[in-house]
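1. from the sequence below, what's the structure:
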Amino acid sequence: MIDPSAYVHPSADVSPQASVGSESRVWHRAQIREGASLGADCIVGKDVYIDAGVTIGSKVKIQNSALIYHGASVEDGVFIGPQACLANDSHPRAITTDGALKSADDWTVGPTLVCYGASIGAGALILPGVTVGRFAMVGAGAVVTRDVPEHALVLGIPARQKGYVCRCGKPMTLDGDVYRCADDGWTFGPGEEP
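-> So this is what the prediction gives:
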(Lines give C-alpha, C1' and ligand atoms only; values in the text may rest on other atoms or scores of the structure.)
Protein backbone atom coordinates (compact mmCIF):
# COMPACT_ATOMS: atom_id res chain seq x y z
CA MET A 1 0.00 0.00 0.00
CA ILE A 2 1.25 3.44 -0.91
CA ASP A 3 0.26 6.23 1.45
CA PRO A 4 -1.69 8.93 -0.45
CA SER A 5 0.82 11.61 0.65
CA ALA A 6 3.79 9.65 -0.76
CA TYR A 7 5.23 10.37 -4.20
CA VAL A 8 6.23 7.55 -6.53
CA HIS A 9 7.76 8.51 -9.88
CA PRO A 10 5.89 6.91 -12.82
CA SER A 11 9.02 4.98 -13.88
CA ALA A 12 9.45 3.37 -10.42
CA ASP A 13 8.33 -0.24 -9.92
CA VAL A 14 6.64 -0.60 -6.53
CA SER A 15 4.96 -3.93 -5.84
CA PRO A 16 1.30 -3.78 -4.80
CA GLN A 17 2.39 -5.97 -1.84
CA ALA A 18 4.95 -3.37 -0.66
CA SER A 19 4.18 -0.45 1.64
CA VAL A 20 5.39 3.13 1.27
CA GLY A 21 4.88 5.47 4.23
CA SER A 22 3.55 9.01 4.36
CA GLU A 23 5.53 11.81 2.72
CA SER A 24 8.10 9.35 1.31
CA ARG A 25 9.49 9.94 -2.17
CA VAL A 26 10.49 7.18 -4.58
CA TRP A 27 12.37 8.40 -7.64
CA HIS A 28 13.16 7.29 -11.21
CA ARG A 29 13.42 3.56 -11.94
CA ALA A 30 13.61 2.54 -8.28
CA GLN A 31 12.24 -0.91 -7.51
CA ILE A 32 10.56 -1.91 -4.24
CA ARG A 33 9.65 -5.59 -4.12
CA GLU A 34 6.77 -7.48 -2.52
CA GLY A 35 6.63 -7.48 1.27
CA ALA A 36 9.10 -4.60 1.54
CA SER A 37 8.19 -1.82 3.94
CA LEU A 38 9.33 1.79 3.63
CA GLY A 39 8.58 4.12 6.56
CA ALA A 40 7.46 7.75 6.56
CA ASP A 41 9.41 10.70 5.16
CA CYS A 42 12.02 8.65 3.27
CA ILE A 43 13.86 9.45 0.06
CA VAL A 44 14.61 6.59 -2.33
CA GLY A 45 16.90 7.74 -5.15
CA LYS A 46 17.09 6.80 -8.80
CA ASP A 47 17.77 3.13 -9.63
CA VAL A 48 17.59 1.95 -5.99
CA TYR A 49 16.69 -1.72 -5.48
CA ILE A 50 14.86 -2.75 -2.29
CA ASP A 51 14.38 -6.52 -2.24
CA ALA A 52 11.43 -8.59 -1.03
CA GLY A 53 10.74 -8.42 2.70
CA VAL A 54 13.24 -5.64 3.45
CA THR A 55 12.24 -3.30 6.27
CA ILE A 56 13.22 0.38 6.04
CA GLY A 57 12.41 2.76 8.91
CA SER A 58 11.35 6.40 8.73
CA LYS A 59 13.44 9.42 7.69
CA VAL A 60 15.87 7.20 5.77
CA LYS A 61 17.76 8.56 2.77
CA ILE A 62 18.83 5.99 0.15
CA GLN A 63 20.99 7.44 -2.61
CA ASN A 64 21.04 6.48 -6.30
CA SER A 65 21.78 2.88 -7.31
CA ALA A 66 21.98 1.49 -3.76
CA LEU A 67 21.09 -2.21 -3.43
CA ILE A 68 19.36 -3.52 -0.32
CA TYR A 69 18.78 -7.27 -0.42
CA HIS A 70 16.35 -9.61 1.33
CA GLY A 71 17.26 -10.07 4.98
CA ALA A 72 18.23 -6.43 5.57
CA SER A 73 16.62 -4.22 8.19
CA VAL A 74 17.30 -0.50 8.24
CA GLU A 75 16.22 1.54 11.28
CA ASP A 76 15.08 5.18 11.38
CA GLY A 77 17.36 8.04 10.35
CA VAL A 78 19.85 5.97 8.35
CA PHE A 79 21.81 7.31 5.35
CA ILE A 80 22.76 4.87 2.59
CA GLY A 81 25.12 6.36 0.00
CA PRO A 82 25.09 5.88 -3.77
CA GLN A 83 25.95 2.39 -5.02
CA ALA A 84 26.17 0.96 -1.50
CA CYS A 85 25.16 -2.70 -1.20
CA LEU A 86 23.69 -4.64 1.73
CA ALA A 87 24.36 -8.25 0.68
CA ASN A 88 22.61 -11.36 1.98
CA ASP A 89 24.46 -14.51 0.90
CA SER A 90 27.73 -15.55 2.59
CA HIS A 91 28.34 -18.42 0.16
CA PRO A 92 26.91 -17.37 -3.22
CA ARG A 93 26.65 -19.89 -6.03
CA ALA A 94 24.39 -19.96 -9.08
CA ILE A 95 24.13 -23.75 -9.06
CA THR A 96 23.86 -26.57 -6.54
CA THR A 97 26.59 -29.23 -6.17
CA ASP A 98 24.76 -31.40 -8.74
CA GLY A 99 24.70 -28.57 -11.30
CA ALA A 100 21.03 -27.53 -10.96
CA LEU A 101 20.16 -23.84 -10.90
CA LYS A 102 19.74 -22.77 -7.26
CA SER A 103 16.32 -21.71 -6.06
CA ALA A 104 15.27 -19.72 -3.00
CA ASP A 105 15.15 -23.01 -1.07
CA ASP A 106 18.86 -23.66 -1.72
CA TRP A 107 20.35 -20.82 0.31
CA THR A 108 20.13 -19.23 3.73
CA VAL A 109 19.55 -15.50 4.06
CA GLY A 110 22.16 -13.78 6.19
CA PRO A 111 20.47 -10.94 8.10
CA THR A 112 21.92 -7.43 8.09
CA LEU A 113 20.92 -4.66 10.52
CA VAL A 114 21.75 -0.98 10.13
CA CYS A 115 20.83 0.78 13.39
CA TYR A 116 19.36 4.20 14.10
CA GLY A 117 21.23 7.19 12.70
CA ALA A 118 24.05 5.20 11.04
CA SER A 119 25.60 6.21 7.70
CA ILE A 120 26.81 3.90 4.95
CA GLY A 121 29.20 5.64 2.53
CA ALA A 122 29.13 5.56 -1.26
CA GLY A 123 30.05 2.19 -2.75
CA ALA A 124 30.36 0.46 0.63
CA LEU A 125 29.57 -3.24 0.88
CA ILE A 126 27.95 -4.62 4.03
CA LEU A 127 28.25 -8.41 4.17
CA PRO A 128 25.48 -10.59 5.65
CA GLY A 129 25.36 -11.26 9.37
CA VAL A 130 26.62 -7.76 10.21
CA THR A 131 25.11 -5.14 12.52
CA VAL A 132 26.11 -1.51 12.00
CA GLY A 133 25.58 0.24 15.35
CA ARG A 134 23.72 3.45 16.17
CA PHE A 135 25.30 6.57 14.63
CA ALA A 136 28.22 4.53 13.23
CA MET A 137 29.79 5.70 9.99
CA VAL A 138 31.02 3.36 7.26
CA GLY A 139 33.44 5.11 4.91
CA ALA A 140 33.05 5.18 1.14
CA GLY A 141 34.16 1.95 -0.53
CA ALA A 142 34.58 0.04 2.74
CA VAL A 143 33.88 -3.70 2.89
CA VAL A 144 32.27 -4.44 6.26
CA THR A 145 32.84 -8.06 7.33
CA ARG A 146 32.01 -7.79 11.05
CA ASP A 147 29.84 -5.78 13.43
CA VAL A 148 30.46 -2.05 13.73
CA PRO A 149 30.13 -0.56 17.26
CA GLU A 150 27.97 2.47 18.01
CA HIS A 151 29.52 5.77 16.87
CA ALA A 152 32.48 3.92 15.29
CA LEU A 153 34.13 5.17 12.11
CA VAL A 154 35.23 2.25 9.92
CA LEU A 155 37.28 2.48 6.72
CA GLY A 156 39.01 0.19 4.26
CA ILE A 157 38.96 -3.35 2.90
CA PRO A 158 38.22 -5.09 5.15
CA ALA A 159 36.79 -2.24 7.22
CA ARG A 160 38.67 -1.43 10.41
CA GLN A 161 37.74 1.02 13.13
CA LYS A 162 39.65 4.31 12.86
CA GLY A 163 37.91 6.30 15.62
CA TYR A 164 34.51 7.54 16.71
CA VAL A 165 32.04 10.00 15.22
CA CYS A 166 29.50 12.32 16.83
CA ARG A 167 25.76 12.21 16.22
CA CYS A 168 26.41 15.15 13.87
CA GLY A 169 28.80 12.96 11.82
CA LYS A 170 32.04 14.78 12.68
CA PRO A 171 35.08 12.86 14.01
CA MET A 172 35.59 12.88 17.77
CA THR A 173 38.86 13.13 19.68
CA LEU A 174 39.82 11.47 22.94
CA ASP A 175 39.51 13.88 25.87
CA GLY A 176 40.45 12.04 29.08
CA ASP A 177 38.27 8.95 29.21
CA VAL A 178 35.58 10.19 26.77
CA TYR A 179 35.46 11.16 23.13
CA ARG A 180 34.45 14.78 22.45
CA CYS A 181 33.11 16.44 19.31
CA ALA A 182 35.04 19.63 18.55
CA ASP A 183 32.06 20.90 16.57
CA ASP A 184 29.28 20.72 19.20
CA GLY A 185 31.03 19.55 22.40
CA TRP A 186 28.98 16.35 22.71
CA THR A 187 30.79 13.54 24.53
CA PHE A 188 30.63 9.78 24.23
CA GLY A 189 32.34 7.14 26.32
CA PRO A 190 32.66 3.73 24.63
CA GLY A 191 30.41 1.23 26.41
CA GLU A 192 27.89 3.84 27.60
CA GLU A 193 24.44 4.48 26.19
CA PRO A 194 24.48 7.43 23.75
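2. CA atoms for contacts and neighbours, from now on please.
-> Will do.
3. how close does the residue in the chain sticking out farthest from the centre get to Q17?
-> Distance from the C-alpha centroid of the chain peaks at D98, with 34.8 Å (CA atoms, centre = their mean). Applying CA to CA, to the nearest Å, the value for D98 to Q17 is 35 Å.
4. how many neighbours does H9 have?
-> Neighbour count for H9, taken as other CA atoms under 10 Å: 14.
5. show the pLDDT at it.
-> Looking at H9, its pLDDT stands at 98.
6. how about the closest residue to it other than its chain neighbours, phi and psi?
-> Excluding the flanking residues, the one nearest H9 by CA to CA, 6 or more residues apart in numbering is W27, at 5.1 Å. Backbone torsions of W27, given as degrees, to the nearest 10, read phi -100, psi -170.
7. so what's the residue farthest from the centre of the chain up against?
-> With contacts defined as CA atoms under 8 Å, 6 or more residues apart in numbering, D98 has no neighbours.
8. quick check, it in a helix?
-> No - going by DSSP: H, G, I helix; E, B strand; the rest coil, the assignment for D98 is coil, not a helix.
9. ranges for the helices of the chain?
-> Here the chain has no helices by DSSP state H.
10. distance of the residue nearest to H9 relative to F188?
-> Counting by CA to CA - W27 and F188 are separated by 37 Å.
11. just the pLDDT for the nearest residue to R29 once chain neighbours are set aside.
-> Nearest residue to R29, sequence neighbours excluded (CA to CA, 6+ apart): A12, at 4.3 Å. Per-residue confidence (pLDDT) for A12: 98.
12. same check on the one 4 residues further on?
-> Among the per-residue scores, P16 shows a pLDDT of 97.
13. wait, isn't it in contact with Q31?
-> No - checked against CA atoms under 8 Å, the pair P16 and Q31 is beyond contact range at 11.6 Å.
14. the two: who's more crowded?
-> Higher neighbour count among P16 and Q31: Q31, with 21 against 12, using other CA under 10 Å.
15. residues contacting that one?
-> Residues near Q31 by CA under 8 Å, 6+ apart: A12, D13, V14, D47, V48, Y49, I50, D51.
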